[in-house]
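**Student:** 3D, please:
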Amino acid sequence: MRALFDLTHPADVHFFKHLIWLLQKRGHKVLVASRDKDVEIELLEAIGIAHVCLSRKGAGLMGMGLELLTRNAMMLNLARRFRPDILVGATGVSVGPIGALLHVPRIFREENEHGWLVRAMGVPFATYVMTGTGYRKELGPRHVRYRGTWVQTYLAPQYFHPCPDHVHAAGIDPTRPYIVLRLVSWGATHDFGLRGAETKDILEVVSRLSRFGRVIISCEGPLPESLQSHRNPVPVQHIHDLLASASLCLGEGGTMAAEAAVLGVPSVYCNPLFVGYMDALERDYGLARSARSLPEGLRLAERLLARPNLREEWRQKRQKLLSDSEDIVMFMHNLLRKALSS
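**Tutor:** Got it, this is the predicted structure:
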């Protein structure tokens, strides 16, 4: 098998890395097309996945549109040279139309319900579209569902073993309480018209949560000078080691909120956008809480941190999620084989 992967976000690297390694271990040829966005290139190089960078994240809606046109042209040329048997991506905006044009099976995932533009550009061309637990929409006959949340492809116990030494090496004592605060750039297509917390709100969060432990900020963009001492010092490839030992994760992004929850860490998601997998983690498993803003999330976080035996309670909730879930990496591997044989 010759598989071409289209990875356009750091989270895509984590989602597909174990599938990539499995295919390579079994003797298949894999080529990764990357994108210069946030820490994606740094992450790929840190974990040893070779890649070809096709584009850099465009600024604004027009910039991202121009980037997509350029990227798709380069992806088409790359696919013609590599001659893949299958195209795999985190979205279908590139692998969908290019796979259809080249008559190559194409598989990608959908993770949130509000990405209507990305969905409209990819789903009509799909061989299969994968979604996980909590996804609310029906995507037609191409739609296949796996049991579990998408972050379990890299955080399920068979794939991730926390290493406190990585946290300690960065100057954080993993045996002492700390809270991870996640701030996002609000630059994705589904974020247009939305804005994150103001600096005064972030300072308030840090001040009030500091009585429960050290506050560590993971941020996609720059931080004010007044918050620099709280910036996360842990290398990008070890961010999940940091999360695994945290007392709580409070943040604007669904990815890190879900990651914390599936690791058994109390998680508060602060964002007005509905995300099905976060709703499932809250409603079905009690592993997360949701708020429409950071100040509202702060109040939820304070109430959670005041509860006795919080981490033990969350570890028990996590077990129910794990028992309800399947090995999503093997699910994807089998789906690739099915697409090739159909």
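
**Student:** number of residues surrounding the closest residue to K137 other than its chain neighbours?
**Tutor:** Closest residue to K137 apart from its sequence neighbours, by Cβ to Cβ, 6 or more residues apart in numbering: E113 at 5.5 Å. Glycine gets a C-beta too; all of them are placed from N, C-alpha and C. Neighbour count of E113, defined by other Cβ atoms under 10 Å: 19.

**Student:** from one end of stretch 42-55 to the other, what's the distance?
**Tutor:** Criterion Cα to Cα, to the nearest Å; first-to-last residue distance in stretch 42-55 is 15 Å.

**Student:** ah, wrong one, I meant stretch 103-123
**Tutor:** First-to-last residue span, stretch 103-123, Cα to Cα: 16 Å.

**Student:** state the mean pLDDT of it.
**Tutor:** Stretch 103-123 shows a mean pLDDT of 91.

**Student:** show me what contacts L243?
**Tutor:** V180, C249, M256, E259, A260, L263, V265 (Cβ atoms under 8 Å, 6 or more residues apart in numbering).

**Student:** which one of these is nearest R71?
**Tutor:** Distance to R71, by Cβ to Cβ, is smallest for M256 among the contacts of L243, at 25.5 Å.

**Student:** surely that closest one is in contact with L250?
**Tutor:** No - judged on Cβ atoms under 8 Å, M256 makes no contact with L250 at a distance of 9.8 Å.

**Student:** partners of the strand or helix carrying I107 in the sheet?
**Tutor:** Per DSSP states H and E, I107 falls inside strand 106-109. According to DSSP bridges, strand 106-109 forms sheet pairs with strand 86-89 (parallel), strand 128-131 (parallel).

**Student:** distance to H230 and mean pLDDT added to these, as TSV?
**Tutor:** Listed next are the strands paired with strand 106-109 as TSV, based on distance: least, Cβ to Cβ, whole Å; pLDDT from 0 to 100:
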stretch	distance to H230	mean pLDDT
strand 86-89	35	98
strand 128-131	35	97
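
**Student:** and among those, the most buried is which?
**Tutor:** Of the strands paired with strand 106-109, the one with the most neighbours on average (mean count of other Cβ atoms under 10 Å) is strand 86-89, at a mean of 26.

**Student:** can you identify the element that follows that one toward the C-terminus?
**Tutor:** helix 95-102.

**Student:** regarding V268, what is its secondary structure?
**Tutor:** strand (DSSP: H, G, I helix; E, B strand; the rest coil).

**Student:** quick one, what contacts it?
**Tutor:** Neighbours of V268 in contact, by Cβ under 8 Å, 6+ apart: 248-251, 257, 288-291, 297, 300-301, 304.

**Student:** which of these fall within helices?
**Tutor:** Within the contacts of V268, residues falling in helices by DSSP state H are A257, G297, L300, A301, L304.

**Student:** who wins on neighbours among those residues?
**Tutor:** A257 (30 neighbours).

**Student:** sort out which residues of the least confident helix or strand in the chain by mean pLDDT are buried, please.
**Tutor:** Within the chain, no helix or strand scores below helix 116-122, which has a mean of 88 by mean pLDDT, DSSP states H and E. Residues of helix 116-122 classed as buried: V118, R119, M121, G122 (neighbour count, 16 or more other Cβ atoms under 10 Å).

**Student:** and of those, the nearest to V234?
**Tutor:** For these, the nearest to V234 is V118 (30.1 Å; Cβ to Cβ).

**Student:** so what's the residue count around the residue lying closest to that closest one once chain neighbours are set aside?
**Tutor:** Closest residue to V118 apart from its sequence neighbours, by Cβ to Cβ, 6+ apart: T91 at 5.0 Å. Other residues near T91 come to 22 when the count uses other Cβ under 10 Å.

**Student:** quick one, strands of this structure?
**Tutor:** Along the chain, counting by DSSP state E, strands occupy 2-6, 29-36, 52-56, 86-89, 106-109, 128-131, 143-145, 178-183, 214-219, 248-251, 267-270, 288-291.

**Student:** what's the last one packed up against?
**Tutor:** Looking back up the chat, that one is strand 288-291. helix 254-262, strand 267-270, helix 276-283, helix 294-305 (3 or more Cβ pairs under 8 Å, 6 or more residues apart in numbering; DSSP states H and E).

**Student:** I'd like to know how far the closest residue to A260 other than its chain neighbours sits from H9.
**Tutor:** What sits nearest to A260 in space, not counting adjacent residues and going by Cβ to Cβ, 6+ apart, is C249, at 3.5 Å. Counting by Cβ to Cβ, to the nearest Å, the separation of C249 from H9 is 19 Å.

**Student:** more neighbours, those two?
**Tutor:** C249 (28 against 19).

**Student:** bridge partners for that one, pull those for me.
**Tutor:** Assigned bridge partners for C249, using DSSP bridges, are V180, S267.

**Student:** C270 is in contact with that one, correct?
**Tutor:** No - in this structure, C249 is not within contact of C270 by Cβ under 8 Å, at 10.6 Å.
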